[in-house]
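Peer 1: coords please:
(chains A, B and C)
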Amino acid sequence: HMCDRPKNTNVRLSLPAVCIVWQTAMIILFGVFIRYNEESDTHWVEYKKENNIPSDIENDFYFRYPSFQDVHVMIFVGFGFLMTFLKRYSFGAVGFNFLIAAFGLQWALLMQGWFHSLDYTDGKIKIGVENLINADFCVAGCLIAYGAVLGKVSPVQLMVLTLFGITLFAVEEYIILDLIHARDAGGSMVIHTFGGYYGLSISWMLYRPNLDQSSRLQGSVYHSDLFAMIGTLFLWMFWPSFNSAITDHGDGQHRAAINTYLALASTVLTTVAVSSLFQKHGKLDMVHIQNSTLAGGVAVGTAAEFMLMPYGSLIVGFCCGILSTLGYIYLTPFMEKYMKIQDTCGIHNLHAMPGVIGGIVGAITAAAASESVYGAEGLINTFDFEGEFKNMVPTKQGGHQAAGLCVAICFGIGGGILVGFILRLPIWGDPADDNCFDDEPYWELPEDEESIPPVLQYNNHAINKDV
Amino acid sequence: HMCDRPKNTNVRLSLPAVCIVWQTAMIILFGVFIRYNEESDTHWVEYKKENNIPSDIENDFYFRYPSFQDVHVMIFVGFGFLMTFLKRYSFGAVGFNFLIAAFGLQWALLMQGWFHSLDYTDGKIKIGVENLINADFCVAGCLIAYGAVLGKVSPVQLMVLTLFGITLFAVEEYIILDLIHARDAGGSMVIHTFGGYYGLSISWMLYRPNLDQSSRLQGSVYHSDLFAMIGTLFLWMFWPSFNSAITDHGDGQHRAAINTYLALASTVLTTVAVSSLFQKHGKLDMVHIQNSTLAGGVAVGTAAEFMLMPYGSLIVGFCCGILSTLGYIYLTPFMEKYMKIQDTCGIHNLHAMPGVIGGIVGAITAAAASESVYGAEGLINTFDFEGEFKNMVPTKQGGHQAAGLCVAICFGIGGGILVGFILRLPIWGDPADDNCFDDEPYWELPEDEESIPPVLQYNNHAINKDV
Amino acid sequence: HMCDRPKNTNVRLSLPAVCIVWQTAMIILFGVFIRYNEESDTHWVEYKKENNIPSDIENDFYFRYPSFQDVHVMIFVGFGFLMTFLKRYSFGAVGFNFLIAAFGLQWALLMQGWFHSLDYTDGKIKIGVENLINADFCVAGCLIAYGAVLGKVSPVQLMVLTLFGITLFAVEEYIILDLIHARDAGGSMVIHTFGGYYGLSISWMLYRPNLDQSSRLQGSVYHSDLFAMIGTLFLWMFWPSFNSAITDHGDGQHRAAINTYLALASTVLTTVAVSSLFQKHGKLDMVHIQNSTLAGGVAVGTAAEFMLMPYGSLIVGFCCGILSTLGYIYLTPFMEKYMKIQDTCGIHNLHAMPGVIGGIVGAITAAAASESVYGAEGLINTFDFEGEFKNMVPTKQGGHQAAGLCVAICFGIGGGILVGFILRLPIWGDPADDNCFDDEPYWELPEDEESIPPVLQYNNHAINKDV
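Peer 2: Presented below is the predicted three-dimensional model:
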C-alpha cells in the first residue's frame, strides 16, 4: 500500500513538465478553436446596427461583469484563503489553489465551449463574459475536491485531479442542463454535489491509515484561523453574485441575489447556535464559523432563481446551518473512522450534503411552481419552457431536477473513484504519512526567526553559554 | 456593581436560545410580511411591457448591485477586520461582527420595510436590491456601537444591542428622512451619529472601573495591526459606493462617489500629519492610520450628493483628519478618565464626531444651495422638493437638516442609556474585568505551539532537564 | 556619500509640513480649477433632455464604476499588501502606499485634467468617473517605483517621488497618447514601463553599498508571505478590470477583459514551472508566485483592446511567466552586483521588462491589424483613426506605438535620475544602511510579547532567576 514505500516529494521535473506541456496544449487548442463572440469582437459596432441594439450598455458585459468579478474573487481569494487554516499548509492552500484554478479555467473554456458555445458555421467556440463565469464555476468543482485532499497530495496530483475534474464536470453539466433540462443557477448539483463527492471519493481511494503521524500539523494557529476568515467572508459576501451570475437578465438575477443573501444570513445564526450548544462551556469553534456559515449559499443554489420566497430562503439557510455544523461535530469523525474517508476541510458538510439538499429543494420548488405565483410568462421564462421543452410542466420539471441530482452524484462518485485510482500510482510525488499538512516538501520556507522576541534571543544566548 | 459579582461567561444555553428563537421569529415574520418587489418578481416580464420599460438593464439591480456588493464588503470585512487589531480578540471581532450583522440585516429588512416599503394594497413589504443596501446600512449603526464595547461584552449582549439598535435606527431614520424630510445619502446623521452615540452611551452605562486588570490584552501585535489594515482599506476604498449606493440614479450616484473619493484622500494626509506631529520622534501610530483616515468619508456622507464641489470635499476631509486624530490623542483618554466612557475602538473619533460634522456640513450646504448652481430642475431633483415638500426652499431645508441631526443624537444617547440599562442585568454572560479583550471565554482557541521555533523548543527541553 | 553621514530619521517636522502644505495647495488648486463634468453635475437632468439621452443608465458612471472600484482595490490593497512580504516592513509597505496614493491621486486629477479634461470655455477641469480611474492609473506608476526603493527611503522622500512621478507621468502620457497617438489601454508603456524605469533609476541613484548591514531584515516570515498573497491575488483577479477600465464602451471593454483574464492564467503555469525547475529539490519560491504570476497582465496591457485573439493572450502570458521568473532568479542579483541597482520588490521583472514586452506586442499587433479581421468600422473604432488621424493606417500605427514605448523609457530613466539626484540631498530623513527594511524608524510598534507562549514565559522567568 501507498504508505509502505519510501516517498520522494521532489517534483522538479514532473511539475514543470506538466505545466509547460499542458499550457502549450492550451495555446494550440485555443488557436484552433477559440474566438471572440459577437459582443467582444470588433464587429460589434456592425452587429449592433444589424440587430437594432440601441446602446453599448446592452452588451452582456454590463449585465454580467460585476458578478463575474465577484465570482473570480470567490475562486481565488475565497477558496484559496478558506483553506489556509492549517498552521503550516497556508502556502500550499493559497498557492496550489491559484495554480489549479488558473489551469482549470482554460481547460473549462474549451470543454464547456465544445458543449455550449460552438458555432457550427465555422467550428469555433465563441467566448464572452458568460463563458468566463462558467469557467470559474467549473473550476469551483475542482477546488471543492481539493478541500478533501488538502495537505495530502502533490501539486502534480492536483493538476491531474483538475484535468479530469473539469472534463467530468463539462459532461455532467451538459447532461444535467441540456439533455435533462434541469435548472441549476447556482450549481447546487453540478458544482457542489459533483465537486463534493468527487473529492470525497478521491480521498477514499487515497486513504492513509497512518495519517495520525502528521496530527501535530493538522490544526490551526490563531492567525491562520484569521486568514481563513478572509476566505470565508469573501465567499459569504459574494455568494449572491455566484448564484445570480448566469441567471436571466432582469428579475432572474435580482431574485437570485436576494434569495442567496437571505439564506446565508439565516445560516450564520443556526451555525453559531449549534456550535455553542455542542461544545463544553458553550464556546464557539472557528471551524464551524469558517465553513458551516456558507452552507446556506450552497443549498439555495438551484432554487435561487425560482420563486422560493424570502421566508423559503431563510428556512433553507436555517436547516443547513444546523445540519452542516452537526456534520462537522459527528459526521466527519465518523467518516474518517468507519468509512476511511479523510476529509481535511470537511467538504462533505460544506458542499456535498448542502448540495444534495439544494438539489432536493430545487426539485420540490420546481414541482410546486404554478402560474398563479409565477405568472404565465414568468413561468415559461424562469424554467425555460421553450423550444423542444415547450410542453414541459412544473411537476415534470421537478422530476427532471431530481434526475439531474442523481447524475451529479453518480459522476462525482464514479469519477472520483476512477481518478483516485490513477492518483494512487506511485509516480506523483505525494508526501509520506508523517509529512502531510506541511508546506516543507513543496515550498521554500522562510526561517521565522523574528518570532523570537529579543529578550528571548538574549536569554537563549545566555542559556547556550551558561547552562 | 457589575464587577463585584462572580462572572459566568458560559453562554451555552443563552446564545443558542437567542439565535434559534430569534431566527425562527424572522422566518415567521418574513413569511407573513416579505415578498419580492416588481423588479425581482417573475411578473417583471409583464411589468416591463405595461410600463414601456425598453430593456432589462433598466432593472434597479443594474443601477445598484455593484454598490450593494461594495457596501456588503464594508459591513463584513471592513467593520469585521477593522476591529481585529487587539492581540487576542480577533476571533470575537470578526466573528461576532459576522453574527450580529447577519441577524441585524434580517430584522432591518422588516423594520425598515414597515416604514418604507409596505405595499398597502396587500399589506406586504416588497423588497429589492435597495432594501438590501438599506438593511446593510442599518446594520452599520450597530457595528459602530459594537466598536465602543469591543471586548467587554458577551455575544448575547451584542444580539440584544443589535435588536434594539436596529429598531431605534428604523424609527429615527423614518423621522429624519420622511417626517423631517432631511437628506442623508451616506448616513452621516442616521448611521454614524446615531450609531456612535448609541455605542458610547451603552459603554458609559457598562463602565468598568477596574478595566485596567485587562490592560495586558488591550493592545495590538504586529500582525493583528496588519489584519486591521485590511478592514481599514476595504472601508476606505468602498466608501464612495457607500455614500452613493442609494442616491438618485445618474448624476446623484456619480457626484456622491466623486465627493467621497476626494474627501477620503484629503483625510489621509492630515491624519498622517497630525499623527507624526504629536508623537515623540515623529513616528506614526497605527491606531490613527487605521481609523482617522476614514473620518472624511463619514463627514461627507450627508452632503455627498449635493453640489459640495470637489474642493469642498477636500476641505471636509482635511478638517476631519485633523480632528479625528486629535480625538484619539486627547479626547479618548479624557473621556475614559473623566467621563467614564471606555471606547475600545475610539468610535467617538471615527463616527460620532465626524458624523456630527457631516450633519452640520449637510445643513450648511443645503441652506446655501441655489438655482444658479444646481439648475432649476437639479435643485428639485437633488433635494426632492416634490409632493408635499414642493414649496420647500434651500434655507428651510438647511433647518430641517439641523433638526435631523438633533434627532439622531437624541436617539443615540437616549437609546444607548435604555439599552445599556438592560445590558447591565447580571444574566448576559459578560466577562470579568480581568478577562476582557480575550477570546478565551467565548472561543475554542488553538494552541499556538508553532510560534516556538525549534531551536527554542530544544533549549527549553534542555532547561527543563538541566536547570 | 550618503552612508557616511550620521542619519536622523526623525520626520516629525518635515512629514507633517509636507502633508499639510501640499494638501492645502491641493484645496486651492481644486477650488480654482476643478468642477463636476456634465454627467456628475446636477444639470445632468437638463443635459439628458438636450442630448436625447433616453435613460440614466447611459451615464458613464454605470459603464465604468465597477471597473473603477476594482482598480481602486488594486491600488490600495493590491500594491499595498503585495509589498508587505518583508518581515518587519509591513506597516511601511501598506501605510506609505496608502499615503502616497492618497496624495498622488489628487495631484493626478489636476495634472491629467490640465492635459485632457480642460474645458476651454471656462478654464475649468471637468471630472467624472473616468478621471478617477485615470488618477488611480497615474498613481500606479509611482507605486511601482516605490517597490524598487521599498524599505530604504523615508515617507518624505516618497512624497517627493510621487510629486515628480505624477508630473512626469502626465507629460509622457500626453505625448504618447495625444501627440504620438499611440494606444495604451492597460498602460504597459505609460504606467509599467515608465513606472518601472523611474523606480529603478531612482534606486540606482540612491545605491547603498553597505545595504547588507540590513540583510537580517531583508526576508519574509511565514505570515508576511501570506499577507503579500492578498496583494497578489487582488491584483491578479482585478487586472482584467484594470486593462478594460478606460477602453471603449461595449466590445472594447469586453475584449480587453477577456484577453487579460487569459494572459494571466497562462502566466501562472509557466511561473510555477520555472520556479520549480530552477530550485534545488523543485520547491516553489513564494517570491515568484507573488510577483511573476502578474507579469502577463502587464504585458497584455497595450494590446488588450486589440484583436489579440485568445491564443495570442495565452502566448503573451506564457512567455512573460518564464521571463519574469528567470528575471528574479538571475537578473535581480546581477543588477544589484554589477549595475548597482537594488530593487527590493523586483519591479524590473514584474513591471519594467513585461511593460516593454507589452509595448512591443502592442506595436506588432497594431501593425498587423487589418480590415478583414477588425471590420472596416471596427478598425477605425479600435485605433481611433478619426479626426486628424483619419488617414492613419495600421502599419504606421505600429510605428507610433514603438515611438510611444521609447518615450516611456526615456521619461522613466531621465525622470528617475533627476528625482534620484534630488532625493540624495541629506535632508529627507532616510534610514541608515543598518536600519533599512525596518518599521522602527517611522512607526510606533507594538511589543509582540504574545508571541512568547506561557510555557516559555515561565521558563524565562526561571532562567532569569536561576541562571
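
Peer 1: what parts of the stretch 101-250 of chain A come near chain C?
Peer 2: A:102-103, A:105-106, A:109, A:127-129, A:132, A:155, A:223, A:227, A:230 (C-beta under 8 Å from any C-beta of the partner chain). For every residue, glycine as well, the C-beta is placed using N, CA and C.

Peer 1: among these, which are located in strands?
Peer 2: residue A:127 (DSSP state E).

Peer 1: may I see the residues of the stretch 101-250 of chain A next to chain C organised as CSV, with neighbour count, pLDDT and distance to chain B added?
Peer 2: Converted to CSV, those look like this (neighbours: other C-beta atoms under 10 Å in any protein chain shown; pLDDT from 0 to 100; distance: C-beta to the nearest C-beta, whole Å):
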residue, neighbour count, pLDDT, distance to chain B
A:102, 26, 97, 24
A:103, 27, 97, 28
A:105, 25, 97, 21
A:106, 28, 97, 27
A:109, 29, 97, 25
A:127, 27, 97, 22
A:128, 23, 96, 16
A:129, 28, 97, 14
A:132, 25, 97, 17
A:155, 25, 96, 23
A:223, 25, 95, 6
A:227, 26, 97, 9
A:230, 23, 97, 7
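
Peer 1: closest one to residue A:44 out of the residues of the stretch 101-250 of chain A next to chain C, please.
Peer 2: For those, the residue nearest residue A:44 by C-beta to C-beta is residue A:128; the value is 10.3 Å.

Peer 1: give me the distance between the closest residue to the closest one other than its chain neighbours and residue C:255.
Peer 2: Closest residue to residue A:128 apart from its sequence neighbours, by C-beta to C-beta, 6 or more residues apart in numbering or on different chains: residue A:37 at 4.2 Å. Distance, residue A:37 to residue C:255, using C-beta to C-beta, to the nearest Å: 10 Å.

Peer 1: mind checking which of these two has more residues around it?
Peer 2: residue C:255 (33 against 23; other C-beta atoms under 10 Å in any protein chain shown).

Peer 1: I figured the more buried one hits residue A:36, correct?
Peer 2: Yes: taking contacts as C-beta atoms under 8 Å, residue C:255 lies within contact range of residue A:36: 6.0 Å.

Peer 1: so what sits against both of those two?
Peer 2: Both residue C:255 and residue A:36 are contacted by residue C:307, under the criterion C-beta atoms under 8 Å, 6 or more residues apart in numbering or on different chains.

Peer 1: spell out which residues of the stretch 101-250 of chain A are next to chain B.
Peer 2: So the stretch 101-250 of chain A meets chain B at A:219-226, A:229-230, A:233-234, A:236-238, A:240-241, A:249-250 (C-beta under 8 Å from any C-beta).

Peer 1: now residue A:429. Its backbone dihedrals?
Peer 2: The phi/psi pair for residue A:429 (degrees, to the nearest 10) reads phi 80, psi 30.

Peer 1: ok, it touching residue A:10?
Peer 2: Yes: using C-beta under 8 Å, residue A:429 makes contact with residue A:10 at a distance of 6.5 Å.

Peer 1: these two: which has the busier surroundings?
Peer 2: When residue A:429 and residue A:10 are compared for neighbours, residue A:429 comes out ahead with 22 against 17, by other C-beta under 10 Å.

Peer 1: contacting residues for the more buried one?
Peer 2: Counting by C-beta under 8 Å, 6+ apart, residue A:429 has contacts A:8-11, A:14-15, A:154, A:156-157.
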